[in-house]
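>>> generate coordinates for the sequence data below:
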Amino acid sequence: MAAPSSEAERQRDKERTRADILAVATREFADKGYTGARVDEIAARTSTTKRMIYYYFGGKEQLYLAVLEQAYSTIRKLEAQLDVDHLDPEEALRQLAGLTFDHHEANPDFIRLVSIENIHRAEHLAQSRILAGLADPALGGITRILERGRASGRFRADADPLDIHMLISSFCVFRLANRHTFQAIFGRDMLDASRREHYRTMLGDLVIDYLTA
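Numbers count the residues shown, from 1 in each chain. I've put the predicted structure just below:
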């Protein structure tokens, strides 16, 4: 293969290599956890070398943190891009809840990574340099919606944006994280396609019923 002919091409090669490593590392950490994941295995599956991974990320812990940051940044970017300021406050919250519902269902690795990091008591994520900025997209949109809902007299005055985020997140995470144990105990698959819209609507109803109680 010919060497890159320009600095721009070299930079694109670096970005592609880094993205490839992150994609494979995401699956490796999600499947095996931080302790069980092996950098050698990630290198083998990306047709690169352990040395190259250390060059890009510094080590296993730094690679794991980069995987976590990318996972959280993806959902935060989607939340920030959601244009609901022109919508009725109730519909705006339903769309925000639906976005989280859809994202978590489509990204089960994200749920596994969150569960794994909680096992480690967030000791890796706490080291993140971008952690402080991850909260803003999650809460900024909810805050604006709640302000409009309160101004119209439809939402309770004591509603807290973080509580609403927790309510939405807890429903969506539980549905994925506890799918297998829930099915084993109750005989119901919470990811059954025939019940998907029921659960998606149910989530929106829970949020709105709380705010308008």
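>>> which residue ranges of this structure form helices?
Counting by DSSP state H, the chain has helices at residues 7-36, 39-45, 50-57, 60-81, 89-106, 108-119, 131-151, 161-177, 179-186, 196-212.
>>> which other residues reach the third one?
If I follow you right, that is helix 50-57. With contacts defined as Cβ atoms under 8 Å, 6 or more residues apart in numbering, helix 50-57 is touched by 14, 17-18, 21, 39-40, 42-43, 46, 63, 66. Just so you know, the C-beta spots here come from the backbone N, C-alpha and C atoms, and that holds for glycine as well.
>>> filter those residues down to the buried ones, ChimeraX style.
Remark: buried members of the contacts of helix 50-57, expressed as a ChimeraX selection using 16 or more other Cβ atoms under 10 Å:
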select :17,21,39,42,43,46,63,66
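>>> farthest pair in the contacts of helix 50-57?
Spanning the widest gap among those are 14 and 40, at 21.7 Å by Cβ to Cβ.
>>> show me what contacts residue 189?
Contacts of residue 189 by Cβ under 8 Å, 6+ apart are 179, 183.
>>> how close does it get to residue 174?
14 Å (Cβ to Cβ, to the nearest Å).
>>> just residue 51 next, same as before
In terms of Cβ to Cβ, residue 51 sits 41 Å off from residue 174.
>>> these two: who's more crowded?
Taking neighbours as other Cβ atoms under 10 Å, residue 51 and residue 174 compare with residue 174 leading, 14 against 8.
>>> tell me the pLDDT of that one.
If you check residue 174, the pLDDT there is 98.
>>> so how far is residue 44 from residue 180?
29 Å.
>>> same check on residue 160?
47 Å.
>>> over to residue 213?
Taken as Cβ to Cβ, the span from residue 213 to residue 44 is 55 Å.
>>> who has more neighbours out of the two?
residue 44 (13 against 7).
>>> pLDDT value on that one, please?
So, for residue 44, pLDDT stands at 94.
>>> report the separation between it and residue 38.
Taken as Cβ to Cβ, the span from residue 44 to residue 38 is 9 Å.
>>> outline the domain layout of this protein.
1-58, 66-212 (automatic domain parsing).
>>> from residue 26, how far off is the nearest residue to residue 60 once chain neighbours are set aside?
Nearest non-adjacent residue to residue 60, counting by Cβ to Cβ, 6 or more residues apart in numbering: residue 39, 5.2 Å away. With the distance defined as Cβ to Cβ, residue 39 ends up 14 Å from residue 26.
>>> ditto for residue 36
From residue 36 to residue 26 the distance is 14 Å (Cβ to Cβ).
>>> any weak-confidence spans in the protein?
For the chain, residues meeting the criterion pLDDT under 70 lie at 1-5, 10.
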